[in-house]
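# below: sequence and its predicted model.
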There are 2 protein chains.
Amino acid sequence: MARASSLSGFPEWLPDGRVVEQHVLDSLRRTFELHGFAGIETRAVEPLSQLLRKGETSKEVYLLRRLQEDVDEETDPDKQLGLHFDLTVPFARWVLEHAGQLAFPFKRYQIQKVWRGERPQDGRFREFTQADIDVVGADTLPFHFEVELPLVMAEALAALPIPPVRISVNNRKVAQGFYEAIGLEDVESALRVIDKLDKIGPEGVARSLMDEAGATPDQAGLALELASISGTDASVADQVLALGARSELLETGLQELVTLVEAAHERSPGTVVADLKIARGLDYYTGSVYETTLVGHENLGSICSGGRYDSLASDGRRTFPGVGLSIGVSRLLARVLGDGLAGATRAVPTAVLVAVTDEEHRRTSDRVAQALRARGIPADVAPAAAKFGKQIRYADRRGIPFVWFPGEEGDEVKDIRSGEQVPADAGAWEPPAEDRWPRVVTGEGAGAR
Amino acid sequence: MARASSLSGFPEWLPDGRVVEQHVLDSLRRTFELHGFAGIETRAVEPLSQLLRKGETSKEVYLLRRLQEDVDEETDPDKQLGLHFDLTVPFARWVLEHAGQLAFPFKRYQIQKVWRGERPQDGRFREFTQADIDVVGADTLPFHFEVELPLVMAEALAALPIPPVRISVNNRKVAQGFYEAIGLEDVESALRVIDKLDKIGPEGVARSLMDEAGATPDQAGLALELASISGTDASVADQVLALGARSELLETGLQELVTLVEAAHERSPGTVVADLKIARGLDYYTGSVYETTLVGHENLGSICSGGRYDSLASDGRRTFPGVGLSIGVSRLLARVLGDGLAGATRAVPTAVLVAVTDEEHRRTSDRVAQALRARGIPADVAPAAAKFGKQIRYADRRGIPFVWFPGEEGDEVKDIRSGEQVPADAGAWEPPAEDRWPRVVTGEGAGAR
């Protein structure tokens, strides 16, 4: 059992689960850095006034007060502090603060915990880790970043010990251009309704489009036809245009969408799919929008979402457009560990346990361990000079593959899995590469250790 | 300027500072793992009842409440949540919760942010990162871990881009055994007074020992003589014994202290010093106690402290003794970055910027970058097909050492520092090892980029 939690919504992992988590975080960082994203961290707290800019999530914010502070002391929302609930709001604040010291376009990744006071449920935590990438420009940001960023995420996710992913994409300009062209003017209401397609079905959506977005039956029918379109190439645009609507915005949107799926098809075939029913986030994103599901685990919901903002931040003088995506690392990991999709070969870093012959010779064993560590081999020394059988069991219980026996006539090392014991020199012996550090393995029963 | 902070007490680093911080965290992790410590993380919050077990710090705790929650809703200290102020209290709770799934002695490292609602001042933050190592036993824990753990920290600190450190050690048994032997019975008051030696001087201490700890003038004089003793070998014990006091506890303590400094002298000469005036923490530590200063930066205070607890945790049935130390990473880093003791060779991971000839050929540049990344070379593509001079300036502003020019007749790569430009193949070219990733360099002006 890699998972452990004594407080609902605040997941903690046992050491073997943490090995998997650390591997995931290291792997994400490496992909992001290979693509030139600089790592930053922001403080965990923001003034409440910053956090409330996205009004809809206000109910989820955790506020802070000092234990010795009068409860009502701090009611000024510029001074009252809360824990950040995502990494976008703090990044926008950070960009504005440091715009003068940054070179734009600026690419950053950020991997941190965030907090939301939501009711905990499967895959929804009160404390969880997000891994974000964003590129932000000063005043302008070329469209090609809307192609690049989901492909970076596709590559990052493909390197993880998880099932394949599907990135569904849409474009605000397509939806807005289409609705406007067919005379459906309340675009935001229409998008909100379309977002419920999976939940309330096409008939429910048609009714709601008429009731809530002022659509005629014809407009509702066209909106539903648009939402039914998906594909991985230029045929998506053809299907949309076959519905008869035309506008400059729609055509720009279709061109962007086709450019994205075609580039994705070249770099990462089968991963990125245009899906015109994606509507979540289209109220604040202004171009491409992305959602990602784990194939075979669609019930988990999106594990990596994002899009383009024409104004990620603005200081009144300059506007900073951005494109970004965010991985819900904890949600992903809870599934991976909970379902045993991946596990660690051992829970401790140690590759070699150096046995202790008697307490007077502990220093000899310490020296062996130091010689191994100096060559990058994780080593530990037995805690007590017990019988060798007990020292071997100590290693076995922890999954440590090798036990080292210092000897006056020369040292020996035993692979406790095979029982093979051979003479060895602490200044030269090497473990097999796959045994040096704990590894993460995938597949059936991977988490069964 | 690597440091940036818009909210007092909540430090944030610009990307070049974060490169140094990440290097420090990676280096600590590597040393800890080479020594067999397993990494864990605990949630950021604990029930207030847990946090208040260490009564003295209660004033520093940040409490949480949800924005939509009635202010007085949660007054039960078992349900009221607060942010952890160190990593020892959560680790003790975690050990009790998972004792059945752990193998003892259990060695863990933990690197996380902690929060204290203190008045911010130089080197004292409200949010900061700690890096802890602890070993915890079930019911027993051999003394040799009290030797091992400070030596792991000495090794970890020696690998960082910081000035040398001095680890001052003392032993509760020495102080308590000595005071009891000379008839000074209020040991805790005496230790509290001795702790002020640097602040109020020997005369002030003598007076306070008499006023507050019930010492006679003779006892006060002996306590001061004990506090004046320091050294790196067995002579420390001789000096203590020369004061005439004798007890079994004192002799055990002296033996432990001498064993520690002598082992340290072998492994890490000059780093560990017995200093009998160290009294901080002796009220809750029960054996060895450690404090660490940065040579030449003693005014920063201790950057790494800890000691032995005979009862780190207890569930009524079993007791879990522990030994551990904690590095104040943010305090250390604020000094390193603030004084320019270390800096990054560049603020972005990118080693190569691939130029774009015209937007129609962006895909060609993307392919070059992908070929470089596939061989572990961090690469970025120019954001716009501007004049080459402008693309080179883009790289230069970010400290990216190489610009790659795709060409129909074959590619070329330019080292923009020397101006040298040579033919290159994206499937084979290697940057010099020192240019592949940003490095951390130390010494005068290291932070001056």
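Here it is on my side, so go on.

# can you classify the residue most central in space within chain A by secondary structure?
With distances taken as Cα atoms, centre = their mean, the residue of chain A nearest its centroid is A:Ile327 (2.3 Å). Taking DSSP: H, G, I helix; E, B strand; the rest coil as the rule, one finds A:Ile327 in the strand state.

# for it, give its distance to chain B.
A:Ile327 sits 17 Å away from chain B, taking Cβ to the nearest Cβ, to the nearest Å as the criterion. C-beta coordinates here come from the backbone N, C-alpha and C atoms, glycine included.

# so what's A:Glu97 closest to, chain neighbours aside?
Counting by Cβ to Cβ, 6 or more residues apart in numbering or on different chains, A:Glu97 lies nearest to B:Ser6, which is 5.3 Å off, once chain neighbours are set aside.

# now do A:Leu250
Sequence neighbours aside, A:Gly177 is the residue nearest to A:Leu250 in space, at 2.9 Å (criterion: Cβ to Cβ, 6+ apart).

# go ahead and confirm the one you found touches A:Glu248.
Yes. Assessed by Cβ atoms under 8 Å, A:Gly177 is found in contact with A:Glu248 at 7.5 Å.

# what about the helices in chain A?
A:15-34, A:48-51, A:88-98, A:144-158, A:172-181, A:187-194, A:197-212, A:217-227, A:235-241, A:248-267, A:329-338, A:362-374, A:388-398, A:433-436 (DSSP state H).

# any idea of the angle the fourth one forms with helix A:15-34?
Going by axes from the mean of the first three to the mean of the last three Cα atoms, to 10 degrees, helix A:144-158 is angled at 150 degrees with respect to helix A:15-34.

# and helix A:144-158, average pLDDT?
The average pLDDT within helix A:144-158 is 97.

# again, but for the third one
Across helix A:88-98, pLDDT averages out at 95.

# likewise for the last one?
For helix A:433-436, the mean pLDDT works out to 98.

# that one close to chain B?
No. Helix A:433-436 does not reach chain B (Cβ under 8 Å from any Cβ of the partner chain); its nearest approach is 10.7 Å.

# and that helix, which residues are buried?
By neighbour count with 16 or more other Cβ atoms under 10 Å in any protein chain shown, helix A:433-436 contains the buried residues A:Asp435, A:Arg436.

# same check, this time on the second one
Buried residues in helix A:48-51, defined by neighbour count with 16+ other Cβ under 10 Å: A:Leu48, A:Gln50, A:Leu51.

# please apply the same query to the fourth one.
The neighbour-count criterion (16+ other Cβ under 10 Å) identifies A:144-157 as the buried residues of helix A:144-158.

# pretty sure the residue nearest to the centre of chain A sits against A:Ile303.
Yes. Taking contacts as Cβ under 8 Å, A:Ile327 lies within contact range of A:Ile303: 6.4 Å.

# looking at A:Gly177 and A:Glu248, which has the bigger crowd around it?
A:Gly177 (23 against 10; other Cβ atoms under 10 Å in any protein chain shown).

# show me what contacts the more buried one?
Residues in contact with A:Gly177 (Cβ atoms under 8 Å, 6 or more residues apart in numbering or on different chains) are A:Ala245, A:Ser247, A:Glu248, A:Leu249, A:Leu250, A:Glu251, A:Thr252, A:Gly253.

# tabulate those residues (JSON lines), appending pLDDT.
Below are the contacts of A:Gly177 laid out as JSON lines (pLDDT from 0 to 100):
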{"residue": "A:Ala245", "pLDDT": "94"}
{"residue": "A:Ser247", "pLDDT": "95"}
{"residue": "A:Glu248", "pLDDT": "96"}
{"residue": "A:Leu249", "pLDDT": "96"}
{"residue": "A:Leu250", "pLDDT": "97"}
{"residue": "A:Glu251", "pLDDT": "96"}
{"residue": "A:Thr252", "pLDDT": "97"}
{"residue": "A:Gly253", "pLDDT": "97"}
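
# one step back: and the residue nearest to A:Leu250, how far from A:Gly253?
5 Å (Cβ to Cβ, to the nearest Å).

# would you mind giving the domain segments of chain A?
Split into domains by automatic domain parsing, chain A comes to A:3-343, A:352-442.

# and of the ones you listed, who's closest to B:Ile111?
With Cβ to Cβ as the criterion, B:Ile111 lies closest to domain A:3-343 of those, at 10.7 Å.

# distance between that closest one and the chain's centre?
11 Å (Cα atoms, centre = their mean, to the nearest Å).

# ok so, going back, beta-bridge partners for the residue nearest to the centre of chain A, please?
A:Ala131, A:Cys304 (DSSP bridges).

# that older thread, in ChimeraX, select just the buried ones from the contacts of A:Gly177.
Restricted to buried positions by 16+ other Cβ under 10 Å, the ChimeraX selection for these reads:
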select /A:245,247,249,250,251,252,253
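
# so which of the contacts of A:Gly177 comes closest to chain B?
Closest approach to chain B among the contacts of A:Gly177 (Cβ to the nearest Cβ): A:Thr252, at 16.0 Å.
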